[in-house]
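J.: Sequence and predicted structure below; questions after.
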Amino acid sequence: MKQISLLVVVLALTGCVSAREVDSGNAFDQCRSIADKNFRDRCIAEALQDAERDRRAADEDRQQDVEDAERRELNRFIGGVEQD
């Protein structure tokens, strides 16, 4: 059981690192044409914040979709039990 838990943690961390790497690359690409280092760094920081905010919103949407699906399934189950 501990091995499965460790595997899940490793896979989750790998996913987080990969998302951060992708976000960093995208932010750098988005801001690379800015010549002033301070402005470029600020642009990158803002792009990373935007990406994190978008990711959180998408995660919340997915979680809401799961909860809605579970609620519908429970209602179908309850409706089926009541009809029997």
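T.: Received, thanks. Numbers count the residues shown, from 1 in each chain.
J.: what stretches of this protein score poorly on pLDDT?
T.: 1-17, 81-84 (pLDDT under 70).
J.: repeat that for 80
T.: Applying pLDDT under 80 to the chain flags the ranges 1-18, 80-84.
J.: leaving aside the residues next to it on the chain, what's closest to the residue nearest the centre of it?
T.: Closest residue to the average C-alpha location of the chain: Arg55 at 4.1 Å, with Cα atoms, centre = their mean. Computed as Cβ to Cβ, 6 or more residues apart in numbering, the closest residue to Arg55 that is not its neighbour in sequence is Ala19, at 6.7 Å. For every residue, glycine as well, the C-beta is placed using N, CA and C.
J.: From Asn75, how far out is that neighbour?
T.: Counting by Cβ to Cβ, to the nearest Å, the separation of Ala19 from Asn75 is 34 Å.
J.: same question, Gln64
T.: Distance, Gln64 to Asn75, by Cβ to Cβ: 16 Å.
J.: same deal with Glu60?
T.: 22 Å.
J.: for Asn38, same thing?
T.: Asn38 is 55 Å from Asn75, by Cβ to Cβ.
J.: Ok, Phe39 next?
T.: 53 Å.
J.: Equivalent analysis for Val66, please.
T.: 15 Å.
J.: What of Arg42?
T.: For Arg42 relative to Asn75 (Cβ to Cβ), the value is 49 Å.
J.: Compare those two (neighbour count), which wins?
T.: Neighbour count, other Cβ atoms under 10 Å: between Arg42 and Asn75, Arg42 has more, with 13 against 10.
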